[in-house]
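Asker: got a structure for you, letters missing:
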């Protein structure tokens with residue numbers, strides 16, 4: 001059982017991450033490839049294991065199957081490069097404390113880990129190479145689908161929050177979750193108690209994680225709650241019978257609708273889909289006429305975003321067997 005105790009300040013400071021974090025997803029993938037094969041992720045796990053690069057094997061010394069590796073390894077970054085900068089510039093005291101925690105609970109102390117703790121230059125170069133190699137092989141090829149799935153999840157949860165409030169939203173993140181006063185209780189096998197520090201909580205859905213929710217507590221910044229997204233990555237893969245949404249709307253128009261889980265301009269749509277601005281405008285008009293998106297003007301910019309109907313169509317299509 002995972003229990004997360006909130007202060008009033010934490011409840012008032014609950015937010016959603018603005019996008020998936022590359023190194024966070026990478027650490028979760030590293031955990032998933034070591035976990036028992038599951039019915040949903042089984043084929044993906046076999047593929048990830050087969051494609052796990054030799055240069056990235058060092059990560060297995062740091063990240064256990066529970067994905068509770070050192071917190072300096074998976075910062076909440078927007079891209080790979082700023083994430084790597086954060087990892088490589090982590091304070092030495094933080095590095096040593098986190099390596100000590102991981103080695104006390106789940107990983108053996110190896111000469112390489114001692115090198116990381118001692119700031120050995122070669123050890124840290126190996127770590128950077130392992131992260132780059134693993135990202136290129138395991139995360140980058142699926143990143144567009146991860147981003148699309150994240151945007152749909154975030155849009156759905158935000159709509160749910162507006163309709164049902166923060167307590168129902170948090171209790172609905174994972175089946176079996178309930179409130180006990182101001183403590184959120186997740187139905188997990190391991191007994192863990194977490195007390196937030198009054199700086200808020202960032203909700204971060206993951207499309208590659210099937211395990212229990214994970215909490216990274218920070219004393220001087222918002223803590224992070226990682227939970228499995230409603231529609232995981234294997235269900236976003238190409239289907240043998242084709243994409244029903246593309247069959248209904250047409251491939252380009254369905255792609256435009258998928259982009260609009262976040263607010264974009266006509267120019268943004270044209271650039272993302274590599275089509276003319278006039279063509280993007282025509283697709284937006286058709287989607288608006290079908291009540292799948294709404295449009296608003298701010299100065300010279302015209303912004304488009306999904307309606308609840310459009311979002312229901314996207315999430316229903318993604319989850320269809």
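Answerer: Sure, I can see it. Every value quoted in this text rests on a predicted model; they were computed, and no experiment measured them.
Asker: what about the helices in the stretch 201-321 of the chain?
Answerer: For the stretch 201-321 of the chain, applying DSSP state H, counting those that start in this stretch gives helices covering 244-249, 251-259, 266-273, 277-289, 308-319.
Asker: With distance to residue 51 and mean pLDDT as added columns, please give those helices in TSV.
Answerer: C-beta here means a position set from N, CA and C on the backbone, and glycine is covered the same way. As requested, the helices of the stretch 201-321 of the chain are exported to TSV (distance: least, C-beta to C-beta, whole Å; pLDDT from 0 to 100):
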stretch	distance to residue 51	mean pLDDT
helix 244-249	27	74
helix 251-259	26	87
helix 266-273	27	91
helix 277-289	35	89
helix 308-319	24	70
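Asker: need the longest helix for the protein.
Answerer: helix 143-164 (DSSP state H).
Asker: what angle separates that helix from helix 251-259?
Answerer: Compare the direction of helix 143-164 with that of helix 251-259 by axes from the mean of the first three to the mean of the last three C-alpha atoms, to 10 degrees and you get 50 degrees.
Asker: Show me what helix 143-164 is packed against.
Answerer: Helix 143-164 sits against strand 14-16, helix 166-171, strand 201-206, helix 308-319, with contacts defined as 3 or more C-beta pairs under 8 Å, 6 or more residues apart in numbering; DSSP states H and E.
Asker: Run through the residues that contact residue 259.
Answerer: 268, 269, 272, 273 (C-beta atoms under 8 Å, 6 or more residues apart in numbering).
Asker: Could you dump those residues into TSV and include neighbour count?
Answerer: Formatted as TSV, these follow (neighbours: other C-beta atoms under 10 Å):
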residue	neighbour count
268	17
269	23
272	14
273	17
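Asker: Just put those in TSV and tack on distance to residue 211.
Answerer: Shown next, in TSV, are these (distance: C-beta to C-beta, whole Å):
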residue	distance to residue 211
268	35
269	36
272	32
273	35
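Asker: tell me which of those is nearest to residue 145?
Answerer: residue 272 (14.4 Å; C-beta to C-beta).
Asker: you'd agree the closest one is up against residue 264?
Answerer: Yes. The criterion here is C-beta atoms under 8 Å, and residue 272 meets it with residue 264 at 7.5 Å.
Asker: Count the neighbours of residue 36 for me.
Answerer: 8 (other C-beta atoms under 10 Å).
Asker: gap between it and residue 45?
Answerer: 9 Å (C-beta to C-beta, to the nearest Å).
Asker: what's near enough to touch residue 135?
Answerer: Counting by C-beta under 8 Å, 6+ apart, residue 135 has contacts 22, 23, 26, 80.
Asker: Now with 7 Å, please.
Answerer: 22, 26, 80 (C-beta atoms under 7 Å, 6 or more residues apart in numbering).
Asker: for residue 272, same thing?
Answerer: residue 259.
Asker: Just name the most buried of the helices of the stretch 201-321 of the chain.
Answerer: helix 251-259 (a mean of 20; mean count of other C-beta atoms under 10 Å).
Asker: how distant is that one from the center of its chain?
Answerer: Between the centre of helix 251-259 and the centre of its chain there are 22 Å (C-alpha atoms, centre = their mean, to the nearest Å).
Asker: Stretch 299-317 now?
Answerer: On the basis of C-alpha atoms, centre = their mean, stretch 299-317 sits 21 Å off its chain's mean C-alpha point.
Asker: So which residues make contact with it?
Answerer: In contact with stretch 299-317 (C-beta under 7 Å, 6+ apart) are residues 152, 155-156, 159, 231, 244-245, 257-258, 260-261, 263-266, 284, 291-296.
Asker: from these, which would you call buried?
Answerer: Buried by 16 or more other C-beta atoms under 10 Å: 152, 155-156, 159, 231, 245, 257-258, 260-261, 264-266, 284, 292-293, out of the contacts of stretch 299-317.
Asker: Tell me which two of the residues you listed sit farthest apart.
Answerer: Among those, 231 and 266 lie farthest apart (C-beta to C-beta), at 27.4 Å.
Asker: mind listing the helices for the stretch 1-150 of the chain?
Answerer: 8-12, 22-32, 42-51, 80-88, 92-105, 111-117, 121-134, 143-164.
Asker: For residue 195, find the nearest of those helices.
Answerer: helix 8-12 (9.5 Å).
Asker: out of the helices and strands packed on helix 143-164, nearest to residue 5?
Answerer: Comparing the helices and strands packed on helix 143-164 by C-beta to C-beta, strand 201-206 comes nearest, at 11.2 Å.
Asker: Which other helices and strands does that closest one contact?
Answerer: strand 14-16, helix 22-32, strand 223-228 (3 or more C-beta pairs under 7 Å, 6 or more residues apart in numbering; DSSP states H and E).
Asker: any idea how far residue 166 is from residue 176?
Answerer: Applying C-beta to C-beta to residue 176 and residue 166 gives a distance of 19 Å.
Asker: Identify the residues contacting stretch 281-294?
Answerer: 252-253, 256-257, 260, 266, 269, 295, 304-307, 309-310, 313.
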